[in-house]
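**Student:** Mind looking at a prediction? Sequence and model below.
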Amino acid sequence: MLLSICIPTYNRPKHLLNCLNSLTLQSYKNFEVCISDNASDLDIKKIIKPFKKKLNINFNRNKKNLGFALNLLKVSSMANGKFIWFLGDDDLLVKDSLKYLIKKMKKNSDVDFFWVNSFYLDVKNIKNFPQPFNTKNLPKNMVTHSKIKKDIKTNFFGIIDKKISFDYLLGIFVCVFRRDLWEKNLDVIDNKKIKDKKTWSNFENTCFFIKVFCEAFSKSKAYICSKPLSVNLYGVREWVSLYPFVEIVRIPEALDYYRSKGLSFTNYVINKNYALRNFFNFFAKIIITGNNGGLNYVDFKKHFFFNLIYPNAWLSIPYFFWRKIKNILINITKFFLK
């Protein structure tokens, strides 16, 4: 079997229902679905049962909540395919996306790591349709994760580029990778820090997979699939209040780690500068929201003062006001054009 789709889930039965339904609508059928329920309050088995006739499902329920990181590791350990594609329980696959992906994988058999473009869609857009949601009802003009138009065959660090992935692989659900290399390099994980269940509390339980990726694929060929094959729904995930923290603390940390493992100095500086484009206004949000926004996880020396050497840290202030003014002008124009 070439592909295992691994879905970590917790307390999102309605979204999991839609996710699984999108898998049943795929014309390519030779794949397995691994689901690890992180001790949900509801009976997830009831959601999964009707799909077992159409999908090859391997299901696990944890006796207690392990936290996101350990549940991600658990579901990956259930996989049997040559490649793993982590899929969020609130994600959808576009029609015939697996057929398209498998064709690319077979044509590029020397590639160990595939980055797959995706659409973004507000969850409100699917609530008014019959459930489970049918992906034929997806809007035509959805925003894409990346604006890249052509596929690119490159090396692993070639993906670490703001033009391709603005979150630099923190959005793990766009990554398809060789399972054996992943499993051989899990020993890079700090087993003590990863057990902290507080979401985003340290680099290890936030970005452990980036460490594994660097160890496993830093010398591998990679393929950038420009065609969006999945839909990432926003407005669902519980940690949305922590997004400013993730962008200006965890993403720069990820870039620091990439640099330590082989990312060129030039690309490191360019992308680190880009990652800080909302620096001051996001730091203000973190301070205002306090611990709910991740303030208790901030090391001001490392995360604030050390980043002041980058131009975008300072330019984030005029950028912020320019965006506000731009939106006002757009709204005024729309008003007079009515």
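**Tutor:** Good, I have the coordinates.

**Student:** Please count neighbours and contacts with C-alpha atoms only from this point.
**Tutor:** Noted.

**Student:** for the protein, what spans make up the helices?
**Tutor:** With DSSP state H as the criterion, the chain has helices at 13-24, 44-48, 68-77, 97-107, 124-127, 179-184, 203-217, 243-245, 251-260, 265-275, 279-289, 311-337.

**Student:** Can you list the buried residues in the fourth one?
**Tutor:** Of the residues in helix 97-107, those scored as buried under the neighbour-count criterion (16 or more other CA atoms under 10 Å) are 97-98, 101, 105.

**Student:** likewise the fifth one?
**Tutor:** The neighbour-count check on helix 124-127 (16+ other CA under 10 Å) flags residue 126 as buried.

**Student:** Alpha carbons only: can I get it in CSV?
**Tutor:** Taking C-alpha atoms only, helix 124-127 is exported to CSV below (Å, rounded to 0.1, in the frame of the first residue of the first chain):
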residue,chain,number,x,y,z
LYS,A,124,-19.5,29.0,7.8
ASN,A,125,-19.5,28.1,4.1
ILE,A,126,-20.4,24.5,4.6
LYS,A,127,-22.8,24.7,7.5
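
**Student:** residues in contact with it?
**Tutor:** 133, 138 (CA atoms under 8 Å, 6 or more residues apart in numbering).

**Student:** Measure how far that helix is from the centre of its chain, please.
**Tutor:** Going by CA atoms, centre = their mean, to the nearest Å, the spacing between the C-alpha centre of helix 124-127 and its chain's C-alpha centre is 21 Å.

**Student:** go on, the fourth one?
**Tutor:** Computed by CA atoms, centre = their mean, the chain-centroid distance of helix 97-107 equals 20 Å.

**Student:** What average pLDDT does it get?
**Tutor:** Averaging pLDDT along helix 97-107 yields 96.

**Student:** Counting by contacts, list what that helix packs against.
**Tutor:** Counting by 3 or more CA pairs under 8 Å, 6 or more residues apart in numbering; DSSP states H and E, the packing neighbours recorded for helix 97-107 are strand 221-234.

**Student:** average pLDDT for the strand it packs on?
**Tutor:** On average, strand 221-234 scores 93.

**Student:** How about stretch 65-83?
**Tutor:** Stretch 65-83 carries an average pLDDT of 95.

**Student:** just the strands in the stretch 1-150 of the chain please.
**Tutor:** For the stretch 1-150 of the chain, the strands defined by DSSP state E, counting those that start in this stretch occupy 3-9, 31-37, 56-61, 83-86, 91-93, 113-122, 143-144.

**Student:** Those strands: which one's closest to residue 234?
**Tutor:** Closest approach to residue 234 among those is made by strand 113-122 (5.1 Å; CA to CA).

**Student:** Please name the nearest non-neighbouring residue to residue 131.
**Tutor:** Spatial nearest neighbour of residue 131, excluding adjacent residues (CA to CA, 6 or more residues apart in numbering): residue 18 at 7.3 Å.

**Student:** who's in contact with the one you found?
**Tutor:** With contact set as CA under 8 Å, 6+ apart, residue 18 has these partners: 90, 92, 131-134.

**Student:** who wins for most neighbours among those residues?
**Tutor:** Of all the contacts of residue 18, the most densely surrounded is residue 92 (26 neighbours; neighbours counted as other CA atoms under 10 Å).

**Student:** Give me the residue ranges of the stretch 101-250 of the chain where confidence is low.
**Tutor:** Residue ranges of the stretch 101-250 of the chain with pLDDT under 70: 235-238.

**Student:** And stretch 304-311, what's buried?
**Tutor:** Within stretch 304-311, the residues that qualify as buried are 304, 307, 310, counting by 16+ other CA under 10 Å.

**Student:** any idea how far the second one is from residue 279?
**Tutor:** Taking CA to CA, to the nearest Å as the measure, residue 307 and residue 279 are separated by 9 Å.
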